[in-house]
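In: please work out how this folds:
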Amino acid sequence: MTQDQPHTSPEIVETFFTRASGDYAFSRWGRPIAPVCFGVEDATLQIVKGAIEACVAIAGHEIAETDPELGSNLMVFFFSEWDELRDVPRLGDMIPDLDAKVTTLKARDAHQYRAFRFDDDGAIKACFTFVRMSEAMQEVPADVIALSQAVQAMLLWSDTAFSQDSPLAVASEGTVVRPDVANLLRAAYDPILPVAARDASHALRLYARLIAAQ
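Out: Down below sits the predicted model:
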């Protein structure tokens, strides 16, 4: 992680939401975020909630105690092994083909996975975040893990967006959201823009707002 802000162009903005398949897919939350966290102690719980609140504040979005439809709509799970997910009550109702997904994640030795649900307008209405605390992950500070997961739950980013580079940076005050990512979050939640888009021309509108904010 560094605090350098790379040059931004419409093409760079587009890559943040262009999936490995080549499809452009953008979506943001269309309702206040009501988070809940499982598998951590109270001290860590506060770190996770603080990270989510920080990202919501950057985006200019809203956070709530409960969601009227779902109760909690951002669920964050911490665990040691993927197999543990098979024992979580009703999780199979929320994650289709849970057994097959667990098998795939084990085969990839994955450390994280997110599943989104969308409303009729294409906006995010729920996000399920799973973090496997392997030995390697246990060496990472809790605030870094929490902030990274919070950023990635705020938008439907490309599945390759942060595969090489962290969304975080190191600043004088500690670990923060990378400046270019924070600016993109703000632009993405501009109320003038649609809550969801499947055409790459949307990236030009995001870029225009980034430039206007400078």
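In: alpha carbons only for contacts and neighbour counts from here, please
Out: OK.
In: other residues contacting stretch 135-143?
Out: Outside stretch 135-143, the residues that touch it by C-alpha atoms under 8 Å, 6 or more residues apart in numbering are 44, 47, 48, 51, 111, 175.
In: give me the buried positions along the helix or strand hosting the first one.
Out: Just to be clear, that refers to residue 44. Counting by DSSP states H and E, the element that carries residue 44 is helix 42-59. Of the residues in helix 42-59, those with enough neighbours to count as buried (16 or more other C-alpha atoms under 10 Å) are 45, 47-56, 58-59.
In: so what does that helix touch, helix or strand wise?
Out: For helix 42-59, the contact count by 3 or more C-alpha pairs under 8 Å, 6 or more residues apart in numbering; DSSP states H and E identifies strand 35-38, helix 142-154, helix 179-188 as packing neighbours.
In: 6 Å instead?
Out: Packed against helix 42-59 by the contact rule (3 or more C-alpha pairs under 6 Å, 6 or more residues apart in numbering; DSSP states H and E) you find helix 142-154.
In: which SSE is immediately downstream of the helix it packs on?
Out: In the C-terminal direction, the helix or strand that comes right after helix 142-154 (DSSP H and E) is strand 168-171.
In: count the neighbours of the closest residue to residue 13 other than its chain neighbours for me.
Out: With sequence-adjacent residues excluded and distances taken as C-alpha to C-alpha, 6 or more residues apart in numbering, residue 13 is closest to residue 203, at 5.8 Å. Look at residue 203: counted by other C-alpha atoms under 10 Å, it has 24 neighbours.
In: and the host helix or strand of residue 203, what does it pack onto?
Out: Assigning secondary structure by DSSP H and E places residue 203 in helix 201-213. Taking 3+ C-alpha pairs under 6 Å, 6+ apart as the contact definition, the neighbouring helices and strands of helix 201-213 are helix 10-15.
In: what pairs with the following helix or strand past the helix it packs on, and is each one parallel or antiparallel?
Out: The element immediately downstream of helix 10-15 (helix or strand, assigned by DSSP H and E) is strand 26-27. Strand 26-27 has these partner strands in its sheet, going by DSSP bridges: strand 196-197 (antiparallel).
In: low-confidence stretches in the protein?
Out: Scanning the chain for pLDDT under 70 picks out 1-7.
In: longest strand in it, by residue count?
Out: In the chain, with assignment by DSSP state E, the single longest strand is strand 124-132.
In: got the CA coordinates for it in PDB?
Out: Extracted C-alpha coordinates of strand 124-132, given in PDB (Å, rounded to 0.1, in the frame of the first residue of the first chain):
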ATOM      1  CA  ILE A 124     -27.500  -3.200  -4.100                       C
ATOM      2  CA  LYS A 125     -30.000  -4.300  -1.400                       C
ATOM      3  CA  ALA A 126     -27.800  -6.800   0.400                       C
ATOM      4  CA  CYS A 127     -24.200  -7.900   0.600                       C
ATOM      5  CA  PHE A 128     -22.800 -11.100   2.300                       C
ATOM      6  CA  THR A 129     -19.100 -10.800   3.000                       C
ATOM      7  CA  PHE A 130     -17.000 -13.800   4.000                       C
ATOM      8  CA  VAL A 131     -13.500 -13.600   5.300                       C
ATOM      9  CA  ARG A 132     -11.400 -16.800   6.000                       C
END
